[in-house]
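**Q** Return a 3D structure for these sequence lines:
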Amino acid sequence: MIRFGPSGIPLSCKGRTLRDGIEDVHTLGLTALEVQIVRTNVTERYAADEDIGFIPMEMEKELIIEVLRGKKRKAAALKEPMEKGDVLLTMINPIAKNYTHLKQLGEIAKNLDVVLSVHTPYYMDLVANNDLTERSVESIRWAGLLAKIMDAQIVVTHMGMYGNFSRAVAAKNIADNITLIQEWYDESGIKIPIGLETSGRQEIFGSFEEIENICEKIKGPVPVINFPHVHARGNGSLKKKEDFQDLFDRAKRFTKGRFYTHFSGVEHENGNEIRYTPIKKGDLKFEPLAECILENDMELTVISGSPLLEHDAMYMKVILERVLSKREAKAERQKAKEAEPAEVKPSKKAVPKKPVSKAKAPSKAPAKKPAPKKQPAKKSASSKAPAKQPAPKKTAVKKPVPKKQPTPSKAPTKKSVPKKSVPSTIPVKKPAPKKAVPKKPVPKKQPAKKSVPSKAPAKKPAPKKQPAKKPAAKPVPAPKSKAPVKKPAPKKKR
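**A** Residues are numbered from 1 along each chain as shown. Below you'll find the predicted structure:
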């Protein structure tokens, strides 16, 4: 199953508690949530008289994460009753008030089909072996304890910077500290894996190869593929589907088919991550990863680390569904193409048979012979005349044309056709004026063209406009009047 979710409580969530975040993730149609333990503030106190005899995990007012007993201050089991002189370590955690509350959150998430995971504080140091390293180790231990109560999927952590150490020494120190944490997990009955997240900068421990080496040495930890970090550290190395497939193939031997990943857009330079960006703005595209996911049968959780958090988580889900629909449509087209030749082959075999030859003969005879023979012989003369008569927009011209169609069929001669067409057009257009009658010799000279008689009546209104131009020539005497004005002028000069 493929799950999508945000890294932390959604931005659109009205409440800021973990319960509000779980319910909001379910409302958005997402199925994963990474619980952020930003800080692990711990206080110490001795067990009071009223606390003696109670089990730490049943305390309602506080979240006791560890009980130190005796002079050597060894850790006692949290299910054992408290004794006098015990030192109680209490976590001031906004996630939950007590273990009962944590268990309820896990049940709510399970009922809503939301898988939880826990991320330790981002500033960790498992390299230097100093006070910060001790606090980092404790943070991973306590995160595993909370994850166990909530029934979380994985505990994700960073490992820190190289500092002044060489890469080999840093890798050895980290491996030693991870070994101690894994042993404590095994003793406490915590079966949740420790996820070692890839880093996005060259000075921070966590290339994919380094994490592979640690997972080979220690049984239990698994790689967490942060695609933006791998992409930035490799100068934009994740571009094709095969690039993502290579990472999955290398991590498969540790994860047993269950992958936990991070995705977002990223801005990078010279092999270093600068900042996370929304998916649409970064050069790391989700479509190749979606294609890789659909080609592999695996359990995958994709956590959005984008500044848009749940919005980009939903966007990745939409992209995956879009790629899936395209693949299904392509498969259907291929099936249709494969089915077509199976249907065409029997039809080709039937072609030489008798029914096919009979079907071809009648189909060609009525389609080609009757249509061209009857139409060009009888309708050729009549079709040209009505085609040019509708130009003057007179509907009356179209009506007499079909009535006189039988006449050309009886008279095969060409001379009879123009004689009858001329009187039909003249009375229809100009019944009142009789002056158009003496102009009959014009159509007699053009019987062969057949197109001239139709154009001649259309140009008759043109000669009417010519007399209107004659009065325009009358003002010619005006220049005559101007001419005598110029002649006396030279006489005066003489």
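**Q** and M82, what does it touch?
**A** In this structure, M82 makes contact with 47, 51-56, 67, 88, judged by Cβ atoms under 8 Å, 6 or more residues apart in numbering. Bear in mind the C-beta positions are built from the backbone N, C-alpha and C, glycine included.
**Q** quick one: which of these is nearest L320?
**A** Within the contacts of M82, the smallest distance to L320 is 43.9 Å, found for P56 (Cβ to Cβ).
**Q** Would you mind listing which of the contacts of M82 are buried?
**A** By neighbour count, with 16 or more other Cβ atoms under 10 Å, the contacts of M82 hold 47, 51, 56, 67, 88 as buried.
**Q** so what's the backbone phi/psi at the fourth one?
**A** Put plainly, it is V67. phi -120, psi 120 (degrees, to the nearest 10).
**Q** Check I194 too.
**A** When quoted as degrees, to the nearest 10, the phi and psi of I194 stand at phi -90, psi 120.
**Q** Same question for L18.
**A** Dihedral angles phi and psi of L18 (degrees, to the nearest 10) take the values phi -70, psi -40.
**Q** now I92
**A** Backbone dihedrals for I92, given as degrees, to the nearest 10, come out at phi -90, psi 100.
**Q** Quick check: buried residues in the helix ranked longest in the chain?
**A** Taking DSSP state H as the criterion, the chain has its longest helix at helix 310-349. Residues of helix 310-349 classed as buried by neighbour count (16+ other Cβ under 10 Å): 310-317, 319-320, 323.
**Q** again with stretch 55-72
**A** Counting neighbours by 16+ other Cβ under 10 Å, stretch 55-72 gives 56-57, 59, 62-67, 69 as buried.
**Q** What is the nearest of those to H268?
**A** Relative to H268, and with distances defined as Cβ to Cβ, the nearest of the buried residues of stretch 55-72 is I65, at 37.6 Å.
**Q** Give the partner strands of the host helix or strand of that closest one in its sheet and their orientations.
**A** Per DSSP states H and E: I65 is located in strand 64-69. Looking at strand 64-69 with DSSP bridges, its paired strands and their directions are strand 74-76 (antiparallel), strand 87-92 (antiparallel).
**Q** ok, now which ones touch H229?
**A** 197-200, 206, 262, 266, 273.
**Q** and L126, what are its phi and psi?
**A** The phi/psi pair for L126 (degrees, to the nearest 10) reads phi -110, psi 20.
**Q** Could you double-check that H231 lies in contact with L284?
**A** Yes: at 4.8 Å, H231 counts as touching L284 under the criterion of Cβ atoms under 8 Å.
**Q** quick one: the strands in the stretch 201-350 of the chain?
**A** Counting by DSSP state E, counting those that start in this stretch, one finds strands in the stretch 201-350 of the chain at the ranges 222-226, 258-263, 265-269, 272-277, 299-304.
**Q** Packed most tightly, which of the ones you listed would that be?
**A** strand 222-226 (a mean of 25; mean count of other Cβ atoms under 10 Å).
**Q** G200 versus the closest residue to S264 other than its chain neighbours, what's the distance?
**A** With Cβ to Cβ, 6 or more residues apart in numbering as the criterion, S264 has its nearest non-adjacent residue at 3.8 Å, and that residue is S306. As judged by Cβ to Cβ, to the nearest Å, S306 and G200 stand 14 Å apart.
**Q** How about K337?
**A** The value you get for K337 to G200, if Cβ to Cβ is used, is 45 Å.
**Q** Kindly report the same for K239.
**A** Between K239 and G200 the distance is 17 Å, computed by Cβ to Cβ.
**Q** who's more crowded, the two?
**A** Higher neighbour count among K239 and G200: G200, with 22 against 13, using other Cβ atoms under 10 Å.
**Q** Give me the pLDDT for that one.
**A** In this prediction, G200 carries a pLDDT score of 94.
**Q** For the chain, name the helix or strand with the lowest mean pLDDT.
**A** Within the chain, confidence by mean pLDDT, DSSP states H and E is lowest for helix 452-458 among all helices and strands, at a mean of 42.
**Q** Please verify my assumption that R16 contacts P10.
**A** No: using Cβ under 8 Å as the test, R16 is too far from P10 to be in contact (10.3 Å).
**Q** higher neighbour count, these two?
**A** Between R16 and P10, counting by other Cβ under 10 Å, P10 is the more crowded of the two (23 against 9).
**Q** picking that back up, distance to L126, pLDDT and secondary structure added to the contacts of M82, as a markdown table?
**A** Supplementary listing: the contacts of M82 in a markdown table, determined by distance: Cβ to Cβ, whole Å; pLDDT from 0 to 100; DSSP: H, G, I helix; E, B strand; the rest coil:
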| residue | distance to L126 | pLDDT | secondary structure |
| --- | --- | --- | --- |
| A47 | 32 | 91 | coil |
| D51 | 34 | 89 | coil |
| I52 | 37 | 91 | coil |
| G53 | 38 | 90 | coil |
| F54 | 35 | 90 | coil |
| I55 | 32 | 91 | coil |
| P56 | 27 | 90 | helix |
| V67 | 25 | 92 | strand |
| L88 | 27 | 92 | strand |
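**Q** now the strands of the stretch 201-350 of the chain in TSV, with distance to V115 and mean pLDDT?
**A** Rendered in TSV, the data for the strands of the stretch 201-350 of the chain read as follows (distance: least, Cβ to Cβ, whole Å; pLDDT from 0 to 100):
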stretch	distance to V115	mean pLDDT
strand 222-226	15	97
strand 258-263	10	96
strand 265-269	24	95
strand 272-277	22	96
strand 299-304	7	96
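**Q** Tell me which of the ones you listed approaches L247 most closely.
**A** The stretch from these with the least distance to L247 (Cβ to Cβ) is strand 222-226; that distance is 5.6 Å.
**Q** Send over stretch 196-216 as CSV, restricted to the C-alpha atoms.
**A** Taking Å, rounded to 0.1, in the frame of the first residue of the first chain, the C-alpha atoms of stretch 196-216 are listed here in CSV:
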residue,chain,number,x,y,z
LEU,A,196,18.8,6.6,9.3
GLU,A,197,17.8,9.5,7.1
THR,A,198,20.0,10.6,4.2
SER,A,199,21.5,14.1,4.5
GLY,A,200,21.5,16.9,2.0
ARG,A,201,24.8,18.6,2.6
GLN,A,202,28.4,17.5,2.1
GLU,A,203,29.5,18.3,5.6
ILE,A,204,26.8,16.2,7.3
PHE,A,205,27.1,12.5,7.6
GLY,A,206,24.5,10.6,5.7
SER,A,207,25.2,9.8,2.1
PHE,A,208,23.3,6.8,0.9
GLU,A,209,26.5,4.7,0.7
GLU,A,210,27.4,5.6,4.3
ILE,A,211,24.0,4.6,5.5
GLU,A,212,24.3,1.3,3.6
ASN,A,213,27.5,0.5,5.3
ILE,A,214,26.0,1.1,8.8
CYS,A,215,23.0,-1.0,8.0
GLU,A,216,25.3,-3.8,6.9
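**Q** Give me the residues contacting it.
**A** Counting by Cβ under 8 Å, 6+ apart, 127, 156-162, 167, 170-171, 174-175, 178, 221-226, 228-230, 232-233, 247, 250-251, 254, 262, 266, 268, 271-273 sit against stretch 196-216.
**Q** Fine by me, we can end here.
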